[in-house]
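>>> Give me coordinates for this.
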Amino acid sequence: MKTGIITTDTYSSHDTGQGHPERADRVTIINKNLKKFKNLDWKKPTRFDTKYLKITHNTNYINEVEKSFPKKGLYFLDGDTIVSPGSKQAATDAVAAIMTAIDSVQSKEFKNSFCTVRPPGHHAEKNKAMGFCIYNNVAVGANYLIEKYKLKKVAIIDFDVHHGNGTQDIFFDNDKVLYISTHQYPFYPGTGSENEKGKFDNIKNIPLPGGTSSEEFLIAYNHVLKKINDFKPEFILFSAGFDAHKDDPLANLNLKSKDYYEITKRTLEISKKYCKGNVVSILEGGYDLQALAESSEEHVKALSEFENK
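Residues are numbered from 1 along each chain as shown. Alright, predicted model coming up:
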């Protein structure tokens, strides 16, 4: 089996305005770069069901978002989360992508998958858009696994440089979901201290000071793997943000591109023990285009080389 890349052109219609860091070029450069791999299968999102969106987000919030998409121009959901006429389809397809990816892995069409979509999702709370995020894509994916496939243990690993406050908010009191985050702290969005542990000790925050080196990060990642070992998930989801890279303009960690290969490989090795390598990843942040292309390539390289033997 091959690694699946789930993507669609509608991401380019999500216009965030001139000079905004979360721009269409991000996905364009990732997809263009990944085309050089011959051992990937490409697929468009095909699965979308509002049922799982409504499990994840407050109904009133979903209705407000639906009404906010403008017929022309731009509309601000908050100070930095912007929507345009094309944002509705892009946001829907981002959610559909993770559902499609999960179905493709569960059916053994793909051994694992990476969704190259935008807008990102991990800052979106139950009832609030935030930090470039409209719907919480990875949270919808976790709820999809629980509701459709009746899984009782889903792990989300978020290595974006910013804490995924939205994902934490959605699953804070859900014993079926383990949320683990490595992130710069103190930093935007202000959440993510070690003291935030969830109702069932199902939240593991690993805050890192600005200036953290590549070597220090890889040591800290051992705490991620230990928590995964303790939880024994039936499926692993990655919130794959690549903005902890040393060249990223929006943060101050110092990861190298190859570090994303290392942490992905380590996680996949553990996934053999508990979930037969069933892993789906979805794009979050990453705002230096060259660093984003290189880092996502390393992530996908590890996914594609993985053998569940």
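>>> What is the burial count for residue 249?
Per other Cβ atoms under 10 Å, the neighbour tally for residue 249 reads 9. Every residue, glycine included, has its C-beta placed from N, CA and C.
>>> What ranges does the stretch 201-309 of the chain have for its helices?
Using DSSP state H, counting those that start in this stretch, the helices found in the stretch 201-309 of the chain span residues 214-231, 257-275, 289-305.
>>> what's the closest of the ones you listed to residue 145?
helix 257-275 (10.4 Å; Cβ to Cβ).
>>> these two touch, right, residue 100 and residue 7?
No: taking Cβ atoms under 8 Å as the definition, residue 100 is not a contact partner of residue 7, at 10.2 Å.
>>> Name the residues contacting each of those two.
Common contacts of residue 100 and residue 7, defined by Cβ atoms under 8 Å, 6 or more residues apart in numbering, comprise residue 44.
>>> gap between residue 286 and residue 238?
13 Å (Cβ to Cβ, to the nearest Å).
>>> Could you do residue 26 as well?
Taking Cβ to Cβ, one finds residue 26 at 17 Å from residue 238.
>>> now swap in residue 40 and tell me
16 Å.
>>> Can you pull out the low-pLDDT segments for this protein?
For the chain, applying pLDDT under 70 flags no range at all.
>>> what's near enough to touch the residue most central in space within it?
In the chain, the C-alpha nearest the mean C-alpha coordinate belongs to residue 239, at 2.4 Å (Cα atoms, centre = their mean). Shown in contact with residue 239 (Cβ under 8 Å, 6+ apart): 121-122, 138, 156-160, 164, 167, 282, 284.
>>> before we move on, what about residue 240?
114, 159-160, 281-284, 296, 299.
>>> Tabulate these (JSON lines), appending neighbour count.
Shown next, in JSON lines, are the contacts of residue 240 (neighbours: other Cβ atoms under 10 Å):
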{"residue": "114", "neighbour count": "29"}
{"residue": "159", "neighbour count": "30"}
{"residue": "160", "neighbour count": "27"}
{"residue": "281", "neighbour count": "28"}
{"residue": "282", "neighbour count": "27"}
{"residue": "283", "neighbour count": "31"}
{"residue": "284", "neighbour count": "29"}
{"residue": "296", "neighbour count": "26"}
{"residue": "299", "neighbour count": "25"}
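>>> tell me which of the residues you listed is nearest to residue 146?
Nearest to residue 146 among those is residue 282, at 16.7 Å by Cβ to Cβ.
>>> In contact with that closest one, which residues?
Residue 282 makes contact with 94, 97-98, 101, 114-115, 117, 121, 137-138, 141, 237-240, according to Cβ under 8 Å, 6+ apart.
>>> can you give me the helices for the stretch 51-200 of the chain?
59-68, 87-106, 137-148, 165-171.
>>> what's the angle between the second one and helix 137-148?
Between the direction of helix 87-106 and that of helix 137-148, the angle (axes from the mean of the first three to the mean of the last three Cα atoms, to 10 degrees) works out to 50 degrees.
>>> where does helix 87-106 sit relative to the chain's centre, distance-wise?
Its chain's C-alpha centre and that of helix 87-106 lie 12 Å apart, by Cα atoms, centre = their mean, to the nearest Å.
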